[in-house]
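Colleague: Sequence and predicted structure below; questions after.
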Amino acid sequence: MTFKESLTTLPQYLLPHHPLSRLMRQLTHSENKIWKNFFIKQIVNHYGVNIEEAIDSDINAYPSFNHFFTRALKPGARTVSNSAGDIACPADGAVSQAGNITEGNIIQAKGKSYTAVDLLGGDEQRAAPFKNGKFTTIYLSPKDYHRLHMPLDGTLREMIHVPGRLFSVNAATANSVPRLFARNERVIAIFDTEIGPMALVLVGAIFVASIETVWHGEVTPPTAKSIQTWQYKDNAPHLKRGEELGRFNMGSTIIALFGENVMNWEDTLVPGKKVQLGEKIGNTL
């Protein structure tokens, strides 16, 4: 952790994370044309958003900033790797970390780790299949496409909402805040796949106004005071590789967990690598 990273991170401990995020939600859902067009133009210009790949490149077509932020892409803008055994990238973004889970410990940044048990809501039985498995953490910046898609075919078994803080999840904060991803508010989806359980963890962050899934809708807000779980037994949602599973209303991070000896990541999946939805990032064994 550098001195600059400390200066960036320390004030976040004092910020009222949830009130600020509620305010941001109001602003991003505003349908005031002048305000939302100004906001969209600022993001497009500052971050270099490629709006031409959106299904509608006219900013006037979006009723609110949030509609723009969660925009759909034109058909063919992303190609989902579909050879047998391929694991597809669940999002546009950049790899924060990828590798092995060692005795339940997951790397957050150099010299920092957290446990799968903590990440998955404190349930040791839920975390057990991933004890010596694989993980990857993908950070979505404001310029990225913010819908999330399935890496593999899967049948939903359980969803968990874990309340928590809303620290930023950029590289500086990941290097500075201990157990960052196990402290922030998050929505966890556990799927049964052909290679065993797969956990997809949608991590909230400062100004992330909400997290939603295609089977439930908006999970947060409101933020509950305790962990909530939903079990899916009868008529459990089944999603194919590449199908949309959810979205961030404002950006954040998705973490994918797999079990032991069931898959490998591509050798190129290293910290800092830019990735796109659908590209091959691993293969099943």
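Modeller: Received the coordinates, thanks. Numbers count the residues shown, from 1 in each chain.
Colleague: Distance check, residue 156 against residue 138.
Modeller: Distance, residue 156 to residue 138, by CB to CB, to the nearest Å: 20 Å. From N, CA and C alone the C-beta is placed, and that goes for glycine too.
Colleague: Looking at the two, which is more packed in?
Modeller: residue 138 (26 against 21; other CB atoms under 10 Å).
Colleague: Identify the bridge partners of the more buried one.
Modeller: With DSSP bridges as the criterion, residue 138 is bridged to residue 95, residue 254.
Colleague: Next up, the contacts around the residue nearest the centre of the chain.
Modeller: Nearest residue to the geometric centre of the chain (CA atoms, centre = their mean): residue 254, 2.5 Å. By CB atoms under 8 Å, 6 or more residues apart in numbering, residue 254 lies in contact with 90, 91, 93, 137, 138, 140, 148, 200, 201, 202, 203.
Colleague: Tell me the spacing between it and residue 149.
Modeller: Residue 254 is 10 Å from residue 149, by CB to CB.
Colleague: what touches both of the two?
Modeller: With CB under 8 Å, 6+ apart, residue 254 and residue 149 have common neighbours 90, 91.
Colleague: Just give me the neighbour total for the residue nearest to residue 131 when sequence neighbours are not counted.
Modeller: Take residue 131 and drop its neighbours on the chain: the residue closest to it by CB to CB, 6 or more residues apart in numbering is residue 104, 4.9 Å away. If you count neighbours by other CB under 10 Å, residue 104 ends up with 19.
Colleague: Where is the longest helix in this protein?
Modeller: helix 33-47 (DSSP state H).
Colleague: now for that helix, which elements pack on it?
Modeller: Secondary-structure packing of helix 33-47 (3 or more CB pairs under 8 Å, 6 or more residues apart in numbering; DSSP states H and E): helix 17-29, helix 65-69.
Colleague: These: lowest mean pLDDT?
Modeller: Least confident of the helices and strands packed on helix 33-47, judged by mean pLDDT, is helix 17-29 with a mean of 69.
Colleague: returning to what we had before: OK, contacts around the residue nearest to residue 131?
Modeller: 115, 116, 117, 127, 130, 131, 132.
Colleague: State the phi and psi torsions of residue 192.
Modeller: Residue 192 adopts backbone torsions of phi -90, psi 130, taken as degrees, to the nearest 10.
Colleague: residue farthest from the centroid of the chain?
Modeller: In the chain, by CA atoms, centre = their mean, residue 34 is the one farthest from centre (30.0 Å).
Colleague: Could you measure from it over to residue 41?
Modeller: Distance, residue 34 to residue 41, by CB to CB: 11 Å.
Colleague: again, but for residue 268
Modeller: To residue 41, residue 268 is 35 Å away according to CB to CB.
Colleague: For the stretch 1-150 of the chain, which segments count as strands?
Modeller: 86-88, 93-100, 105-109, 112-115, 134-139, 147-149 (DSSP state E, counting those that start in this stretch).
Colleague: TSV for the ones you listed, including mean pLDDT?
Modeller: Converted to TSV, these look like this (pLDDT from 0 to 100):
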stretch	mean pLDDT
strand 86-88	98
strand 93-100	97
strand 105-109	95
strand 112-115	96
strand 134-139	97
strand 147-149	97
